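Participant: Got a sequence here, can you build the structure:
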Amino acid sequence: MGYPPLTKILASFFGKLLEQEIDPLKNVLVTVGAYGALFTAFQALVDEGDEVIIIEPFFDCYEPMTLMAGGHPVFVTLKPSPTGDGELDSAGNWRLDPTELASKFTSRTKALILNTPNNPLGKVFSKAELELVASLCQQHDVICISDEVYQWLVYDGHQHVSIASLPGMWERTLTIGSAGKSFSATGWKVGWALGPDSLMKHLRTVQQNSVYHCPTQGQAAVAQSFQHEQLHFGQPSSYFVQLPQAMWRSRDHMVRSLQSVGLRPVVPQGSYFLIADISDFKSKMPDLPGDVDEPYDKRFVKWMIRNKGLAGIPVSIFYSRPHQKHFDHYVRFCFVKDESTLQALDEKLQKWKDELRP
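Facilitator: Presented below is the predicted three-dimensional model:
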């Protein structure tokens with residue numbers, strides 16, 4: 001379902017990447033943004049009482065979408081490895097414990113939701129990590145819903161690998177993408193889901209009886225964009241080459257700037273977000289105004305907006321409630337900013353730095 005020129009180019013473009021013969025009528029669904037693809041997938045595939053494994057930190061719609069479908073979220077946490085004194089943390093240091101992950105699979109597990117590159121952390125899952133997930137999904141006959149909206153935004157030589165390209169995974173994977181993220185056109189609300197007909201037929205039923213389809217004009221524009229990318233793929237004229245180069249520079253700029261006031265960035269491998277450790281501030285000013293049960297990062301963000309004119313997102317909101325207190329010392333920042341905004345950031349941080357001097 002979708003505008004035929006778009007479904008055809010998506011089938012052709014991603015067929016090469018996933019090494020699959022993709023049928024534009026059976027294996028492609030165009031949705032109202034990647035959000036629409038996620039919602040349709042949960043409604044189509046998760047039944048009352050089914051368990052869905054969610055890797056923390058997670059994009060915040062995964063838990064409510066699981067609950068809306070009648071499912072039960074089961075959380076497994078990426079844990080940071082210790083870093084040396086003065087050494088910047090990297091999103092690649094945050095890893096799953098294989099034994100803990102395996103313990104989350106039960107006879108009631110229906111699906112696992114994977115997000116690579118991850119929002120908010122910016123982690124790009126390695127092929128070895130994906131092979132572990134794939135092995136457990138196959139062993140327990142579990143569907144993988146793979147949210148890959150930031151797949152073109154990877155840095156430092158890292159490679160995005162789609163789990164559907166691994167042996168035995170196409171048959172049990174939904175791969176979800178976003179035109180808004182791919183072409184910097186957020187708000188267009190054109191997304192897609194790719195997968196085997198055995199899964200896609202259920203998504204088609206849900207979409208046909210809900211939103212039906214998304215506006216044709218946006219689909220036509222996305223089709224033309226992909227046609228251009230197919231002709232220029234891997235070349236300097238490709239937007240998928242140009243975009244990460246520009247964002248790489250913005251990322252490094254923001255990392256340096258945040259360090260200047262004592263924030264400790266976790267350098268992302270992908271996406272256009274980074275998180276920064278605010279532990280030093282938590283120890284120096286632990287009693288910021290706020291509710292008694294309010295996580296520290298939420299109070300810090302409100303303080304930072306009021307007093308420093310800087311906005312961020314508290315990372316604890318990307319965790320299940322029992323785990324929020326363990327990760328309330330991080331703030332997420334977005335670095336997809338133009339030069340003038342980054343300069344304004346520097347000015348505000350310089351003023352902050354001056355205020356910190358004894």
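Participant: For residue 92, which non-adjacent residue is spatially closest?
Facilitator: On the basis of CB to CB, 6 or more residues apart in numbering, the spatially nearest residue to residue 92 that is not a chain neighbour turns out to be residue 269, at 5.6 Å. (Each C-beta comes from the backbone N, C-alpha and C, glycine too.)
Participant: Quick one: find the helix or strand in this structure with the lowest mean pLDDT.
Facilitator: helix 279-284 (a mean of 88; mean pLDDT, DSSP states H and E).
Participant: what about dumping the CA coordinates of that helix to CSV?
Facilitator: What follows is helix 279-284 as a C-alpha-only set of coordinates in CSV (Å, rounded to 0.1, in the frame of the first residue of the first chain):
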residue,chain,number,x,y,z
SER,A,279,26.9,14.1,37.8
ASP,A,280,29.2,16.9,38.8
PHE,A,281,26.3,19.3,39.0
LYS,A,282,24.2,16.7,40.9
SER,A,283,26.9,16.5,43.6
LYS,A,284,27.4,20.3,43.8
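Participant: looking only at pLDDT, what's the mean for the helix or strand just after that helix?
Facilitator: Using DSSP states H and E, the helix or strand that follows helix 279-284 in sequence is helix 296-308. In this model, helix 296-308 carries a mean pLDDT of 95.
Participant: Mind listing residues that contact helix 296-308?
Facilitator: Applying CB atoms under 8 Å, 6 or more residues apart in numbering, the contact partners of helix 296-308 are 278, 281-282, 286, 288-290, 310-317, 328-331, 348, 352.
Participant: Report the buried members of those residues.
Facilitator: Among those, those scoring as buried are 278, 281-282, 288, 310, 312-317, 328-331, 348, 352 (criterion: 16 or more other CB atoms under 10 Å).
Participant: Report the buried residues of the helix or strand harbouring residue 74.
Facilitator: If you go by DSSP H and E, residue 74 is part of strand 72-77. Using 16+ other CB under 10 Å as the test for burial, strand 72-77 gives 73-77.
Participant: now could you export just the CA positions of it as PDB?
Facilitator: Output of strand 72-77 as PDB, limited to C-alpha atoms (Å, rounded to 0.1, in the frame of the first residue of the first chain):
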ATOM      1  CA  HIS A  72       3.400  -6.300  28.500                       C
ATOM      2  CA  PRO A  73       6.700  -4.400  28.200                       C
ATOM      3  CA  VAL A  74       9.800  -6.300  29.400                       C
ATOM      4  CA  PHE A  75      12.900  -4.100  29.800                       C
ATOM      5  CA  VAL A  76      16.600  -4.800  29.400                       C
ATOM      6  CA  THR A  77      19.100  -2.100  29.900                       C
END
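Participant: Any regions of the chain where pLDDT drops low?
Facilitator: 358 (pLDDT under 70).
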